[in-house]
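Trainee: A structural model of the following input is requested.
(2 chains)
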Amino acid sequence: MCRQITLGFVPGLAAAALLAWGCDRPATPASPKPAFWFTPGPQNCQAGPRFTGGGRIDPDPGKATFGFNVDARDWCSSTNGTIKGQLQTVFHPTHTLVHSLGIDAFESFPSGRINPKTGRPGQCAHFAGPARVKDGNGPWNFNERFEATACDNGEPGSSPGRGPDQYGISLSDGRSLPLTDLTGGNIQAHPTH
Amino acid sequence: MRISLSTIRPARLWGALWLLIGVTAALAPVAEAQSVSGKAYGAFVQSPLGTQQSAVAVLPAVTADDGAMADDAADGMSVPGTLTTDALTGTTSGAIGDAAAAQSVATVFNVSLLNGLITASSLTATVSSTSDGAQATSNALGSTFGDLMVNGVQVTSGDGAIAPNTRMDLPGVGYVVLNEQLPTGDGVRSSGLTVNLIHVYLQSLTGGGCTVLGCVPGVLTTTGEVIVGSATSNATM
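Mentor: Modelled structure (predicted):
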């Protein structure tokens, strides 16, 4: 069973509200698993297996830019599938760079928002994996994990103002950015291929 | 020399056939392939001394029903007398499915150009392009300049946007175009956009001079360029 938890990206500094998703199943040192973990297969890919995106969010406080590509067709079509793709995110206030080292968990689900073009709910991807992280020009920390959520709620992904697409990310060290409307860029779901 | 009818007629038939094939091919609509492309980089310097570029991400070729991403990063860049920066990043991603979509982002921190003639605390270039075959659009929303100063003039305070293709003269140096936007595509099946947040055109006066017969004006010649914060995306369906 999963639960929603709230953390801070830069505890004590940014005090950003966070959105992360966790499951009750604990990680084990011998086989570290993401905070959430889903069994491969179509049951966890209701909103499609492929997403790409890039752009910018401006949570309060802070600002982040990102890009990603995730292809979980193999994962979504079998019980032992793999996931292709990568992710990069830059958190501007602390010059923090997050770079994925792989993606090992994926789910997709309908968004809480209606896509005005289709009249149907948007599509969200939630994926996770190991990552390397560094702050400023400091050393890389190769022992992190990330969890990202990206929602395609219509085109264009960012209208003047905010949204409708959304992006958020959390790290295993407790830092996180909430699911936030894009102020630039686009999230694109490719649900049928 | 005599050529029999049985020789001529097949030759004419073959000729007519090839002509028909050629005309048909020429009149057939050219099917433009689905495609996405993207590029982002932190900074580019071209001068008579050479060319340098940092944090360059170029989207690999993407086939139909597939996607890709590329990224690059650097701790900083220094070209003495021309450019210094802190961290730079470039990210570009794209995919083809029901629609073609590409998006690119470049970020640069603590920029100083031409010994402080232009400074900024941060630059964020963001572009995206999408096409579903019936409508294709691009935009540079989210492209902003942090605390931009140009030749002693505060252009943005905090993180602010600037009107596309804003030109400012740089006496003795050339000129700068801020938020330079270069669109491409037909807006129906294809669309693309490049945004160069700071594009300095370095110019020098060449030729000219005075003799006993009179004076001839010199000509401003572009001798180099500096681009900081560049992102490009293209989508065709």
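Trainee: Which positions in chain B make contact with chain A?
Mentor: With the criterion set to CB under 8 Å from any CB of the partner chain, chain B comes near chain A through B:65-69, B:71, B:73, B:75-76, B:86-87, B:89, B:91-99, B:101, B:103-105, B:107, B:109, B:122, B:124, B:126, B:128, B:130, B:132, B:137, B:139-143, B:159. In short, each C-beta sits where N, CA and C put it, glycine included.
Trainee: Restricted to strands, list those.
Mentor: Among those, DSSP state E puts B:67-69, B:71, B:73, B:89, B:91-96, B:101, B:103-105, B:107, B:109, B:122, B:124, B:126, B:128, B:130, B:137, B:139, B:159 in strands.
Trainee: A:Thr65: what's it in contact with?
Mentor: A:55-56, A:89-90, A:92, B:89, B:91, B:105, B:107, B:124, B:126 (CB atoms under 8 Å, 6 or more residues apart in numbering or on different chains).
Trainee: Then it would be within a helix, right?
Mentor: No - A:Thr65 is assigned strand when assessed by DSSP: H, G, I helix; E, B strand; the rest coil, not a helix.
Trainee: beta partners of it?
Mentor: Per DSSP bridges, the residues bridged to A:Thr65 are A:Arg56, A:Val90.
Trainee: What's the local residue count around the residue of chain B found nearest chain A?
Mentor: In chain B, no residue comes nearer to chain A than B:Gly142, which is 1.6 Å away by CB to the nearest CB. Using other CB atoms under 10 Å in any protein chain shown, B:Gly142 is surrounded by 23 other residues.
Trainee: where does it fall, phi/psi-wise?
Mentor: Main-chain torsions, B:Gly142, degrees, to the nearest 10: phi 90, psi 0.
Trainee: Spell out which residues of chain A are next to chain B.
Mentor: By CB under 8 Å from any CB, the residues of chain A that approach chain B are A:50, A:52-56, A:63, A:65-69, A:71, A:85-88, A:90, A:92, A:95, A:97, A:99, A:136-137, A:155-160, A:182-186, A:188, A:190-193.
Trainee: May I see the ChimeraX selection of the buried members of the residues you listed?
Mentor: Remark: buried members of the residues of chain A next to chain B, expressed as a ChimeraX selection using 16 or more other CB atoms under 10 Å in any protein chain shown:
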select /A:50,52,53,54,55,56,63,65,66,67,68,69,71,85,86,87,88,90,92,95,97,99,155,156,157,158,159,182,183,184,185,186,188,190,191,193
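Trainee: how about the nearest residue to A:Gly136, chain neighbours excluded?
Mentor: In space, and not counting its chain neighbours, A:Gly136 is closest to A:His95: 4.6 Å by CB to CB, 6 or more residues apart in numbering or on different chains.
Trainee: Name the spans of chain B whose pLDDT lies under the cut-off.
Mentor: Scanning chain B with the threshold set as pLDDT under 70 gives B:1-32.
Trainee: As a check, name the ranges of all helices in it.
Mentor: B:5-27 (DSSP state H).
Trainee: show me what contacts the residue of chain B closest to chain A?
Mentor: B:Gly142 neighbours (CB under 8 Å, 6+ apart): A:55-56, A:158, A:182-185, B:124, B:126.
Trainee: Serialize those to JSON lines and add fields for distance to B:Asp147.
Mentor: Output for these, formatted as JSON lines (distance: CB to CB, whole Å):
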{"residue": "A:Gly55", "distance to B:Asp147": "22"}
{"residue": "A:Arg56", "distance to B:Asp147": "17"}
{"residue": "A:Ser158", "distance to B:Asp147": "23"}
{"residue": "A:Leu182", "distance to B:Asp147": "23"}
{"residue": "A:Thr183", "distance to B:Asp147": "18"}
{"residue": "A:Gly184", "distance to B:Asp147": "19"}
{"residue": "A:Gly185", "distance to B:Asp147": "23"}
{"residue": "B:Thr124", "distance to B:Asp147": "13"}
{"residue": "B:Thr126", "distance to B:Asp147": "18"}
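Trainee: And those, which is the shakiest by pLDDT?
Mentor: Lowest model confidence among the contacts of B:Gly142 falls on A:Ser158, which carries 69.
Trainee: Could you check the angle the helix or strand containing A:Asn69 makes with strand B:67-74?
Mentor: Under DSSP states H and E, the secondary-structure element containing A:Asn69 is strand A:64-71. For strand A:64-71 against strand B:67-74, the angle by axes from the mean of the first three to the mean of the last three CA atoms, to 10 degrees is 140 degrees.
Trainee: Give the next helix or strand downstream of strand A:64-71.
Mentor: Proceeding N to C from strand A:64-71, the next assigned helix or strand is helix A:73-77, under DSSP H and E.
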